[in-house]
Structures are given as structure tokens and as C-alpha cells.
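>>> sequence and predicted structure are below.
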Amino acid sequence: MKNEINGKKIPRHVGIIMDGNGRWARRRGLARTSGHTEGLKTARRIVEAASARGIAYLTLFVFSTENWKRATHEVDFIMSLVKQHLTRELDFYRKNHIRIRHTGDTDGLAPDILAEIDQAKSDTRDFDGMQVILALNYGGRNAVVRAVRRFLRQGGVAEMLDEDAITQSMDNPDVPDPDLIIRTAGEFRTSNFLLWEAAYAEYFITDKFWPDFSTEDFDAALAAYAARERRFGTVAQ
Ligand code: IPE
Ligand code: IPE
Ligand code: MG
């Protein structure tokens, strides 16, 4: 059966709210920025693990539409980390056959970041392994507003507006809804992540800070997912 490994259900699409970089750093008496540097290493590790386990789509929450409220130096640091990573990691993506995509509001992102994203997207366009969707300047509400605007710009009218029309107008309409959303650092909230798409996602929350999140923790999330019964509003079998 599809979406199974050794008889275990594996999610086709996993989303991760990579939270707790700042707290991880503070616990060590370090600047918040070193938490982000360490968090990037975790992201790389988990991308490799997810790809090896046959996950088809991985959406990483990198920077939210609300994260601009942080100190300028922290915002600048995160943006420069993203840029450096995209510039340097093509070999990593090639080796793992990973295709890079983006979701989020391109308005508000600096031209140099946008250029790097576009470059990474086109460099990896033909890689046929896992797709990594970077949620950068991403907000779930913002994504729905932009989808409705796109629908209207393409000639949509009220009578044509239904759930499918909105889904088809999102940033990456071919990407299926997330099956599993992992959040690190113990917070029980969505923080505006994939609001539309996560209608029937399973959630897995761990207290681990993102820099400490290991491949074993990722496997624990997959095991928890495999044990869930997804009913989609129907009655238990
Ligand atoms: C997640 O870690 C990274 C981003 C939101 C960019 P945080 O920076 O939110 O870390 P905490 O939540 O303050 O510990
Ligand atoms: C969510 O984490 C955003 C990302 C992981 C990029 P936040 O740290 O911004 O969320 P809140 O502020 O705790 O809700
Ligand atoms: Mg946080």
C-alpha cells in the first residue's frame, strides 16, 4: 500500500513548527542568534531523515508574518542564515534529490532573499525526491487572503468561490494537505501555521527545543502518527 513503510503508515506531508531556538540559547547563557544557528543544523538533519524515511513533502516554518516584531538584529540574522544556507547547500539538495519550494508572502521579503529563493527553486526544480517547502514570511491568514485575491484577479466571482477554489488559489496548489504537524518547545498553539491546510492534520508536540530535536524524536513523531486513527468526521471502524 502507498504511504506505508514496513507496514507502518507514514505521512505524505509533514509540517514542522521549529520552535525554541531562543530558549535553547538562553538556557546556555548564549545569544538567541546562536539558537538559530544551531536550529539550522537541526533542520538539515531532519530534512535528511525525512527524505530517507520516504516523506514526500516537508514544510518548515522558518519565519512568520508576525516574526517581524522581533529585534531588527535578530530578524536580520535569521534572514542572513536563510540566504547563506540557500547559497551554499545546492550539493546537499542534489545529493538528496530534494526540491526546494517556498510558501509565504513575497511582498515584504528583501530582493536578495527572493533572488536566492528563486535560484534554489530553479536549481532544484528537476529533483524528484522529497519536496521541502520553506514557509518564510508565512502566515496562515495572510496565505488565505492572498489566495482569495489571486482568485479574484483571475476573474473569480462570489458564485464560483468554494473550498476547492481557495485551495487551488493557494501558493502551491499541487502540494497535498499536511498529515502530521510537529511542534517543538512545548507550545500548544498553531501560531498561524497552515491554518487552511491543517483542517485534518494530526499534531505532535514535544517539549524538546528545536536545536535538541533528534532523528529519534522525529521517528517518535512518525510512530505516534502511525498509531493515530484518522476519522475525517466519519465513525470509527
Ligand atoms: C523558533 O525559535 C525560530 C523562529 C521563530 C524564527 P524562537 O526564536 O521562537 O525560540 P523561542 O520560542 O524564543 O525559544
Ligand atoms: C512560530 O514560532 C514561528 C516559527 C517557528 C517560524 P513563534 O515563536 O513565532 O510562535 P509564538 O510567538 O510562540 O506563538
Ligand atoms: Mg518561539
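Okay, I see it. Ligands and ions are numbered 1, 2, ... in the order given.

>>> near ligand 1, which residues of the chain?
Neighbours of ligand 1 within the chain, by CB under 6 Å from any ligand atom: 18-23, 63, 67, 78, 185. Any C-beta I mention is one placed from the backbone N, CA and C, and that applies to glycine too.

>>> just give me the closest of those to Ala43.
Met18 (6.5 Å; CB to CB).

>>> of the residues of the chain next to ligand 1, closest to Ile55?
Proximity of the residues of the chain next to ligand 1 to Ile55 (CB to CB) peaks at Met18, which lies at 15.4 Å.

>>> quick one: contacts for the closest one?
Shown in contact with Met18 (CB atoms under 8 Å, 6 or more residues apart in numbering): 39, 42-43, 60-62, 184, 210, 213.

>>> redo the residues you listed as CSV? Include distance to ligand 2.
Shown next, in CSV, are these (distance: CB to the nearest ligand atom, whole Å):
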residue, distance to ligand 2
Gly39, 9
Thr42, 12
Ala43, 11
Leu60, 8
Phe61, 4
Val62, 6
Thr184, 9
Trp210, 8
Phe213, 12
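
>>> taking those residues together, which two end up most distant?
By the measure CB to CB, Val62 and Phe213 form the most distant pair in the contacts of Met18, at 14.8 Å.

>>> show the contacting residues for whichever residue of the chain sits closest to ligand 1.
In the chain, the residue found nearest to ligand 1 is Gly22; the distance is 2.8 Å by CB to the nearest ligand atom. Counting by CB under 8 Å, 6+ apart, Gly22 makes contact with 32, 35.

>>> rewinding a little: from the residues of the chain next to ligand 1, which is closest to Asp105?
Comparing these against Asp105 with CB to CB places Phe63 closest, at 10.7 Å.

>>> part of a strand, is that closest one?
Yes - the assignment for Phe63 (DSSP: H, G, I helix; E, B strand; the rest coil) places it in a strand.

>>> for stretch 58-75, measure first residue to last.
23 Å (CA to CA, to the nearest Å).

>>> shaky segments in this structure?
1-2, 5-7 (pLDDT under 70).

>>> one more pass at 50, please.
Residue ranges of the chain with pLDDT under 50: 1.

>>> how about the residues of it by ligand 2?
Proximity of the chain to ligand 2 (CB under 6 Å from any ligand atom) is limited to residues 17-19, 61-64, 67, 187, 189, 191.

>>> which parts of stretch 195-215 are buried?
Under the neighbour-count criterion of 16 or more other CB atoms under 10 Å, stretch 195-215 has 197-198, 201-206, 208-213 buried.
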